[in-house]
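Engineer: Fold the following.
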Amino acid sequence: MGLALAAAVLWAATIIRLIVTVRRPDASRITMAVAAVCVSLAFTLGAIAPAFDSLLYWPNGAELTSHLLFIAGAYFTLLFLYAVRHGHLTRSIVVRHSILFGAVALAMTILFTMADVHDGSAGSAFASAYANDGAAVLYRITFSAYFVYCLVTIARTCRRHAFTDGDRARTLSLIGIGVGAALAAIASLASALQMAVSYLTGQPTPVLAAINVVGVASAGIIAGVGVLVPIPLDTLLRWRRARRISDHLEPLWADLTHAMPEVVLPVPPGHNPVEHAEMVSTRRRIEIADALYLIHIAEPAASNIRRSPNPPEALGRALRDSAAWRADARTGILAADLLPSADDDIDQLLAVAGAYGAAQ
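Structural biologist: Numbering: from 1, shown residues only. Below you'll find the predicted structure:
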C-alpha cells in the first residue's frame, strides 16, 4: 500500500514535470524529467512486482528492473544537480558518472543472473527469501553501495542549496527531495544489512526489514511531494504577489485613471487566473507611471518633494492634495521627474501608492 501511494505521488509530480519540460525544454529540465520517470517506474514495479513477474514469466524480474531504474534515477538526478550548480554539464562529469553507473548496472545484472532466484517470485520479500544466497546478497550490496552514495550526495547538495535565496518554492522542493533521499539511503542500507546479517548469522532481521519497508515508502512520498511542490506553490505565490501589488496600487490607480482615462489600457483576459492577475498588476503599474508623466506638481510642493528624504512617499502625499497638482498643466514640475529611479520601478511606485493611501 505504501509503495502504491508513493508511486501515485511520484507519477503526479512526474507528469507535471514532463509538461513543464515539454513547454520549456533545456538540458537540466530534461535530465530531471528522465530521473523522475525512472524513479516513478521503479516504485510502480515495486508495487506490482508479482503481477509484473507473472506477466513476463520472469521470476523476480521486477526486483532487478526496479533497482536498475532506481540507480538510473539517481544517476540522472546527480547530473541534474551538477547542471543546476554549475550552469552546464561538462563532458568529464558525464563520462565519469556514466562509467560508474554502467559498471554498477553491469555488476548488478551479472550477480542477479548468477543468484539462485529464478525459480519463483518473492515480491517485496526478496531480501528475506534469498538472504542465504551469496550472489543475491552481493547483488543487493552492490546496488545499495552505489545507491546510497548517490542519495547521500543528493541529500547534501539539497541541504547546501535549500536556503541560499528567498525562493520559498525552491527551498521546500529541495528540503523534500533531500529528506526523501536521506530516508531512501537509510532504507537501502537497511536492506543490504538485512541480507548481509542474515547470511552471516542465519537469523532473520525483522527490524531491518521494517526499516526498509517504511523508509522506501516514506522516501517516495516525501520526494514526490518535493518534486511536486514548486510548480503549484510557485503559481500560488505568483498569484498572491500580483493580487497584493494590485490591491496596494488600487487607490492611487483608481483616482489617477479617473482623472486621466486616456492612460487606461485594455486588459486581455489571460489564459488562467495567474496570468490575468499578473496582467492587471502590470497594467496598473504602467498606467500609474504614464499618469505621472501627465501630472505637473506646483510649487512649493515640488520643492518639498525634492528636499524630502523619501521623494516617492512625499509625492504620494502631494498627490492626495488636489490643489498641489494638475493634469496636462503648462506650469510646474512633471511628477515623474521628481522620482529618483525609473518611472516604472515597482518598489518606488508601491511607496508612492502607500503614502497616497495613508494620507487619506
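Engineer: What about the nearest residue to L64 once chain neighbours are set aside, how many residues nearby?
Structural biologist: Residue nearest to L64 in three dimensions, not counting chain neighbours: F112, with 4.8 Å by CB to CB, 6 or more residues apart in numbering. Heads up, the C-betas are built off the backbone N, CA and C, glycines and all. For F112, the count of nearby residues is 23 (other CB atoms under 10 Å).
Engineer: Repeat that for Q348.
Structural biologist: Q348 - counted by other CB under 10 Å - has 19 other residues nearby.
Engineer: hang on, isn't it packed against A335?
Structural biologist: No. Using CB atoms under 8 Å as the test, Q348 is too far from A335 to be in contact (11.8 Å).
Engineer: any idea how far T257 is from F76?
Structural biologist: 51 Å (CB to CB, to the nearest Å).
Engineer: before we move on, what about L68?
Structural biologist: Taking CB to CB, one finds L68 at 62 Å from T257.
Engineer: ok, longest helix in the chain?
Structural biologist: helix 168-201 (DSSP state H).
Engineer: Going by neighbour count, which residues of that one are buried?
Structural biologist: 169-199 (16 or more other CB atoms under 10 Å).
Engineer: which helices and strands sit right next to whichever helix or strand comes after that helix?
Structural biologist: Sequence-wise, the next helix or strand downstream of helix 168-201 (DSSP states H and E) is helix 206-228. On a contact count with 3 or more CB pairs under 8 Å, 6 or more residues apart in numbering; DSSP states H and E, helix 206-228 meets helix 2-23, helix 27-47, helix 126-129, helix 168-201.
Engineer: other SSEs contacting the helix or strand containing G354?
Structural biologist: Using DSSP H and E, G354 sits in helix 346-358. Judged by 3+ CB pairs under 8 Å, 6+ apart, the packing partners of helix 346-358 are helix 230-259, helix 273-292, helix 311-320.
Engineer: If we use 6 Å, what do you get?
Structural biologist: helix 230-259, helix 311-320 (3 or more CB pairs under 6 Å, 6 or more residues apart in numbering; DSSP states H and E).
Engineer: Double-check A217 against G2; I have them as touching.
Structural biologist: Yes. Between A217 and G2 a contact is recorded at 2.9 Å, counting by CB atoms under 6 Å.
Engineer: How many neighbouring residues does I222 have?
Structural biologist: Neighbours of I222 (other CB under 10 Å): 21.
Engineer: where are the low-confidence patches of the stretch 1-150 of the chain?
Structural biologist: Residue ranges of the stretch 1-150 of the chain with pLDDT under 70: 1.
Engineer: Noted, bye for now.
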